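Visitor: fold the following for me, if possible:
(one chain, ligands or ions: 1)
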Amino acid sequence: MSETELPRHAAVIAGKSVATGDWIDVIDPSNARPVARVARCGSTEVHAAVEAARHTHETVWRFTEPPERSRLCRRIADALREEREQLARLETLDTGKPISQARTDADVAARYFEFYANALEALGGETIQQRPDRLAFTLREPYGVCAHIIPWNYPLQIAARTLAPAIAAGNCCVLKPAEDAPLTSLLLAALAERASLPAGVLNVVPGYGEEAGAALAAHPGIDRISFTGSRKVGELVMGAAARTIVPVTLELGGKSAQLVLPDFDAERAVPQLVDAITEHAGQNCSAGSRLLVHRSVHDHLVAALAERFAALRIGPGADDPDMGPLISARQRARVLGYLAEGARDAEVVVGGGVPEGAGRAEGFYVEPTILDGVTPQHRAFNEEIFGPVLCVTPFDTLDEAVVLAEHTTYGLAAGIWTSDVTAAHWLAQRLRVGQVFVNDYSAAGGVELPFGGYRRSGIGVEKGLEGLREYTRCKTVAMRSGPPA
Ligand code: NAD
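Guide: Sure thing, here's the model as predicted:
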């Protein structure tokens, strides 16, 4: 398809399509071909979007009563379900992920709107019994205009995760999707409009991070920022928030450990350990990327995992393989750099390069890889690779396992595999991470489960009821009371 024939997607500002002079090509990661073009927004469009959100908040949304907000959120959930297949196909085209994973993303996105549609009606403040002559209570109020900057790995899920509670709580939003995967964010805005969400409640400004993203984070009309992405950009966004004094949620990266004790249930653990690092080709913030395994079961477990890794089907997401490509040539080069270093520092048990086969060279594929004998001195042990690379390290005692688990600066999630309840409890309390799974591992775990990083994995919480409260602020009202004069 020539450049002029590619479908073009404009920004959505105050319910209108806004084209810009410049466009960004959207690339299909399975073959490196452009499939669409999106508007390249800059500070002008970001300003217009913030103004639109402010106007809608001041004139409509802050006066829209909770039952009506709830009804509208539920209608958005319905629209997402109706367009499940279209959303999934677009997400696969844009991100390269297997279509069945993209269908799950569409289902989860709908659940976010449904969950917060229900939860918002139970949101309320507290009464405070301070003195007999004073009645005091708190109100939970929306911030006003929220900025949402999201990454490319789970664009639809993360857009819904951050927008649904914000909108439900009474805020108006400006969303900046990632330049590598903006398509479902724009479709979400169209579906929200179809569901009768008032124009201006949700505005979408696609563009490059240094342009649209930086302009949005620094805009003085923003009352709150939610950023999901890399630690490096998170630092920049937090710097911008410091200058306008607004609260910021940072959902950053991870290097999550799976701790396997001698008495683990292999039948249950093996498939989940594989999924935890190969789902969306390991491009998952809470990927179980480090396997810390007791030395007594090390050989047996690594052999079982290697067998599964070698059997994984790799291919274009539309064919629904076990694993699709990485997002971009840049990301593949990055991952291959870690693999080259891993081959020098550790043992490559399986994988380690680019898969062979028809069409593999054009797309951004990497083999699912196990690196064994990775130590805390290696970069692969500490840094987020963001690819299908499992780093294995044996341990002898539980204390040693905790030290290894905590060696990175991240603290997003952890998995514990054991039949020993006491050990599981002890580890769950010891580990400084935001989510712990015992004999289970599902990245981020479900719409209802609060999710937020400890340490350098972030600040604040999204998902669950906690996620709704984060989009409100607390106002205290104290009233003098007493008998009439
Ligand atoms: P990224 O930080 O490069 O980009 C994220 C977003 O920030 C994009 O929209 C990008 O355009 C924008 N951006 C870039 N530069 C900017 C700037 N100067 N100012 C404002 N915005 C800017 O991250 P990515 O590569 O898209 O995503 C991968 C990262 O996201 C990984 O580290 C992953 O772990 C993390 N992630 C975290 C979670 C979580 O919930 N904790 C979820 C998914 C991904």
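Visitor: what parts of the protein come near the ligand?
Guide: 149-154, 158, 176, 178-179, 209-210, 213-214, 217, 228-230, 233, 236-237, 251-254, 285, 384, 386, 453, 458 (C-beta under 6 Å from any ligand atom). In this view, the C-beta of every residue, glycine as well, is placed from N, C-alpha and C.
Visitor: ok, longest helix in this protein?
Guide: helix 99-119 (DSSP state H).
Visitor: quick one: the helices in the stretch 251-400 of the chain, in order.
Guide: 266-278, 295-311, 329-345, 379-382, 398-405 (DSSP state H, counting those that start in this stretch).
Visitor: relative to residue 392, how far out is the residue in the stretch 1-150 of the chain that the ligand sits nearest to?
Guide: Taking C-beta to the nearest ligand atom as the measure, the stretch 1-150 of the chain has residue 149 as its residue closest to the ligand, at 4.7 Å. Separation of residue 149 from residue 392 (C-beta to C-beta, to the nearest Å) stands at 34 Å.
Visitor: same check, this time on residue 133
Guide: In terms of C-beta to C-beta, residue 133 sits 66 Å off from residue 392.
Visitor: helix, strand or coil for residue 125?
Guide: Classification of residue 125 by DSSP: H, G, I helix; E, B strand; the rest coil places it in coil.
Visitor: so who does residue 27 touch?
Guide: Going by C-beta atoms under 8 Å, 6 or more residues apart in numbering, residue 27 touches 33-35, 180, 328.
Visitor: spell out the secondary structure type for it.
Guide: Residue 27, by the three-state scheme (three-state DSSP), is strand.
Visitor: can you tell me the closest non-neighbouring residue to residue 52?
Guide: residue 14 (3.7 Å; C-beta to C-beta, 6 or more residues apart in numbering).
Visitor: give me the neighbour count for residue 397.
Guide: Residue 397 sits with 10 neighbouring residues when counted by other C-beta atoms under 10 Å.
Visitor: repeat that for residue 5.
Guide: That count, for residue 5 with other C-beta under 10 Å as the rule, works out to 7.
Visitor: likewise for residue 38?
Guide: 24.
Visitor: got a list of what it touches?
Guide: So residue 38 contacts 8-10, 23-24, 26, 179, 182-183, 186, 206 (C-beta under 8 Å, 6+ apart).
Visitor: now do 6 Å
Guide: Counting by C-beta atoms under 6 Å, 6 or more residues apart in numbering, residue 38 makes contact with 9, 24, 182, 206.
Visitor: which residues in the stretch 151-300 of the chain form strands?
Guide: Taking DSSP state E, counting those that start in this stretch as the criterion, the stretch 151-300 of the chain carries its strands at 172-176, 202-204, 224-228, 248-251, 257-260, 290-294.
Visitor: which other helices and strands contact the last one?
Guide: The helices and strands touching strand 290-294, judged by 3 or more C-beta pairs under 6 Å, 6 or more residues apart in numbering; DSSP states H and E, are strand 257-260, strand 389-395.
Visitor: other residues contacting the shortest one?
Guide: For strand 257-260, the external contacting residues (C-beta under 6 Å, 6+ apart) are 273, 288, 290-293, 401, 405, 414-417.
Visitor: how close does the most centrally placed residue in the chain get to residue 343?
Guide: Note on the chain: the residue nearest the mean C-alpha position is residue 158, at 4.7 Å, using C-alpha atoms, centre = their mean. Distance, residue 158 to residue 343, using C-beta to C-beta: 33 Å.
Visitor: likewise residue 406?
Guide: 27 Å.
Visitor: equivalent analysis for residue 378, please.
Guide: For residue 378, the distance to residue 343 - C-beta to C-beta - is 12 Å.
Visitor: which of the two has more neighbours?
Guide: The residue with more neighbours, out of residue 378 and residue 343, is residue 378; 19 against 14, by other C-beta under 10 Å.
Visitor: name the nearest residue to the more buried one, ignoring sequence neighbours.
Guide: residue 345 (4.9 Å).
Visitor: next: residue 360.
Guide: residue 354 is the one closest to residue 360 (C-beta to C-beta, 6+ apart), at 6.6 Å.
Visitor: do residue 361 as well
Guide: Counting by C-beta to C-beta, 6+ apart, residue 354 is the residue found nearest to residue 361 once chain neighbours are left out, at 7.3 Å.
Visitor: report pLDDT for the one you found.
Guide: Looking at residue 354, its pLDDT is 94.
Visitor: for it, grab the count of nearby residues.
Guide: 16.
Visitor: try the one 3 residues further on
Guide: As a burial measure, residue 357 scores 10 neighbours (other C-beta under 10 Å).
Visitor: quick one: contacts for it?
Guide: With C-beta under 6 Å, 6+ apart, residue 357 has no contacts at all.
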